[in-house]
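[1] task: produce atomic coordinates for the following.
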Amino acid sequence: MYGRDPWGGPLEINTADSATDDDRSRNLQDFDKAALSRPLDETQQSWLLGPGEQKKKKYVDLGCIIVSRKIFVWTVGTILVAGFLAGLITLIVKTVPRHHHGHGPPDNYTLALHKALMFFNAQKSGKLPKHNNVSWRGNSCLQDGKSGSSSVIKDLVGGYYDAGDAIKFHFPSSFAMTMLSWSVIEYSTKYEAAGELNHVKEIIKWGTDYLLKTFNNSADTIDRIAAQVGAGDTSGGSTTPNDHYCWMRPEDIDYERPVYECHSCSDLAAEMAAALASASIVFKDNKAYSQKLVHGARTLFKFGRDQRGRYSAGTADAAIFYNSSSYWDEFIWGGAWLYYATGNSSYLQLATTPGLAKHAGAFWGGPYYGVLSWDNKLAGAQVLLSRLRLFLSPGYPYEEILRTFHNQTSIIMCSYLPIFTSFNRTKGGLIQLNHGAPQPLQYVVNAAFLATLYSDYLDAADTPGWYCGPNFYSTDVLRDFAKTQIDYILGKNPQKMSYIVGFGNHYPKHVHHRGASIPRDKIKYNCKGGWKWRDTKKPNPNILVGAMVAGPDKRDGFRDVRTNYNYTEPTLAGNAGLVAALVALSGDKTTGIDKNTIFTSVPPMFPTPPPPPAPWKP
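    I've put the predicted structure just below:
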């Protein structure tokens, strides 16, 4: 019989000649014995042993890999046991009650920030909101602006009292709102982390709502601004009831409070414009309100440019308490803020005019060069415009003056360092920015804010430091300066006392403040009836939480005496600088500044490049 040979030839199968068992046995003996002496692998053994003789497999085929059966069993078992234990632990953790822990206790700067903001709640005038959280304060001065028949502005209810009295000075209060807005624009993330963002924005809005009342905010052109409500001049032995002669709670005031208007007040108008413009960036998410603030800022700035003059020149009260030295610094300051708020380059052109900088004192030293205060905003404006150069670098025609401002900012930062002798220091380490004059702390906190902010600017621009002459200093040096100064205020000083009321265990108990010093006992003390509370040596019955007092003298001495306002009186502008410095130092340094929000309205500095040409087609 012939079969088909798969390799191409015939295959003969002889069925008749079938082999017997003996033949097969003999044939096996003919195999190469050397070949049979080799060890057989598992496959070969299976051929020889047949199906009945198979061993149990030692490996498991998982498709992509082959693993030992023993390892496989151990692995699966371990996973099942671990899963069971993890589930058991999770069940126990979820069922056992526990306390929630945060990221550790807040630092001293954050703790002080909570308190410093409360001071503004205690200074509110008008009809107070229900959530004001100052139990001893109530509605006050609800007739402000309404009694003066000669005034065009009839409603001046609201705003903030300046200090321990009940006068509303619009010049320093506008500066306070600008400083708070600047701190929110730069450090909104830190405010949010501290749980204070909504609170500080409410504080700012209380101030800007009131500032909008002080002029005709719906008009494009105005001819007057309300500069002050209340009076404090007691010179010549005057006994006319006013906010300095009388010592009474604001809620009990029954005497007439005059309104002072100004018709040529460039400094006040430009500062109010800065306050509204900076706040418009804070409230950019509320489009209608932000635009209202911008319109008001434009109107005020135009008025200030058109009607030149110092607001305090013709007003006795303003000249005594908040005398303005010039308005050129406010023009740069207000112009810079209006540029950021609007993106209109005409404001930047004005703010960078060399002649304006010269009049503001940018090119000469002087004892107060580099000192930011309610009177002199030059140092703040220079830092603010250095920001523009660091992050946007607008180039010609602004570069020359911006480079000058940037260099001057570096010089100011150098002057804060202990190795330089621009300013003396007390033995306890407090920098004397006002050269030993009373009430030093308001200047110190502003410098601490600028130093920390500029340090964060440099970090955000990937610049490790700056030069003071031939010497290079890291950004950490600036933060260290700010920390030493704020730490002094918080209690690391020769008196071992905190100069912020309510912070720590040892702080001023006789703060120069009418509302805090008179008990809320349902008794109305008249103008002179409150003098007994002014003159008593007992501590204030109401704690003015968060108030930063005027501060120690140049020898680190401090007298906790109510009648000495040079030691114990707090101010709105001082606390605004304190809040700004505290939020800048609070939390994690890596959080840094918000680089972009301030530039929201600023258009691109350079023209958009043209699109690439269309692809070539043959």
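
[2] once you drop chain neighbours, what's closest to residue 568?
    Nearest non-adjacent residue to residue 568, counting by CB to CB, 6 or more residues apart in numbering: residue 512, 4.4 Å away. (Glycine included, C-beta is placed from N, CA and C.)

[3] does the one you found belong to a helix or a strand, and which?
    Residue 512 belongs to no helix or strand when assigned by DSSP states H and E.

[4] OK, contacts around it?
    For residue 512, the contacting residues are 163, 164, 549, 562, 563, 564, 565, 568, 569, 570, by CB atoms under 8 Å, 6 or more residues apart in numbering.

[5] now the third one: how far from residue 179?
    Look at residue 549 and residue 179: by CB to CB, to the nearest Å, they are 18 Å apart.

[6] again with the second one
    As for residue 164, its distance to residue 179 is 20 Å (criterion: CB to CB).

[7] which other helices and strands contact the helix or strand residue 200 falls within?
    Here residue 200 is covered by helix 197-211, with elements defined by DSSP H and E. When contacts are defined as 3 or more CB pairs under 8 Å, 6 or more residues apart in numbering; DSSP states H and E, helix 197-211 packs onto helix 108-122, helix 170-193, helix 266-282.

[8] closest to residue 484 out of the ones you listed?
    helix 108-122 (12.9 Å; CB to CB).

[9] still on that earlier bit, in CSV, list the helices and strands packed on helix 197-211 along with mean pLDDT, distance to residue 454 and mean neighbour count.
    Listed next are the helices and strands packed on helix 197-211 as CSV, based on pLDDT from 0 to 100; distance: least, CB to CB, whole Å; neighbours: other CB atoms under 10 Å:
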stretch, mean pLDDT, distance to residue 454, mean neighbour count
helix 108-122, 98, 18, 23
helix 170-193, 98, 11, 25
helix 266-282, 98, 18, 30
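
[10] circling back: now the element after the helix holding residue 200, going C-ward?
    Following helix 197-211 in sequence, per DSSP H and E, is strand 225-229.

[11] partners of the next helix or strand after that following strand, with directions?
    Next helix or strand after strand 225-229 toward the C-terminus (DSSP H and E): strand 259-262. Here strand 259-262 is paired, per DSSP bridges, with strand 225-229 (antiparallel).

[12] end-to-end on stretch 502-516?
    13 Å (CA to CA, to the nearest Å).

[13] no no, stretch 543-554
    Termini of stretch 543-554 sit 27 Å apart (CA to CA).

[14] and it, how far from the chain's centre?
    Distance of stretch 543-554 from the chain centroid (CA atoms, centre = their mean, to the nearest Å) equals 22 Å.

[15] swap in stretch 580-593?
    Using CA atoms, centre = their mean, the offset of stretch 580-593 from its chain centre is 6 Å.

[16] now swap in stretch 400-419 and tell me
    22 Å.

[17] thought residue 424 was touching residue 434?
    No: counting by CB atoms under 8 Å, residue 424 sits too far from residue 434 to count as a contact (10.6 Å).

[18] give me the more crowded residue out of these two.
    residue 434 (20 against 12; other CB atoms under 10 Å).

[19] phi and psi next, for that one.
    Per-residue torsions, residue 434: phi -100, psi 20 (degrees, to the nearest 10).

[20] how about the residue nearest to the spatial centre of the chain, what does it touch?
    In the chain, the C-alpha nearest the mean C-alpha coordinate belongs to residue 187, at 2.3 Å (CA atoms, centre = their mean). Residue 187 makes contact with 583, 584, 591, 593, 594 under the criterion CB under 8 Å, 6+ apart.

[21] which of the residues you listed has the most neighbours?
    residue 583 (29 neighbours).

[22] list the contacts for it?
    With CB under 8 Å, 6+ apart, residue 583 has these contacts: 109, 113, 183, 187, 190, 191, 194, 196.

[23] list the contacts for the first one?
    With contacts defined as CB under 8 Å, 6+ apart, residue 109 is in contact with 486, 582, 583, 585, 586, 587.

[24] make it 10 Å
    Residues near residue 109 by CB atoms under 10 Å, 6 or more residues apart in numbering: 116, 190, 194, 482-483, 486-487, 490, 581-587.

[25] and the least confident of those?
    Lowest pLDDT among the contacts of residue 109: residue 587, with 93.

[26] tell me the SS of that one?
    Here residue 587 is recorded as coil under DSSP: H, G, I helix; E, B strand; the rest coil.

[27] pLDDT below threshold where in the stretch 1-150 of the chain?
    Across the stretch 1-150 of the chain, the ranges flagged by pLDDT under 70 are 1-65, 67, 69, 72, 91-104, 148-150.

[28] can you rerun that using 50?
    Applying pLDDT under 50 to the stretch 1-150 of the chain flags the ranges 1-38, 40, 42-55, 98-102.

[29] regarding this structure, what is its longest helix?
    The residue-count maximum for a helix in the chain (DSSP state H) belongs to helix 69-95.

[30] which neighbouring elements make contact with that helix?
    strand 59-61, strand 66-68 (3 or more CB pairs under 10 Å, 6 or more residues apart in numbering; DSSP states H and E).

[31] rerun at 6 Å
    Secondary-structure packing of helix 69-95 (3 or more CB pairs under 6 Å, 6 or more residues apart in numbering; DSSP states H and E): strand 59-61.
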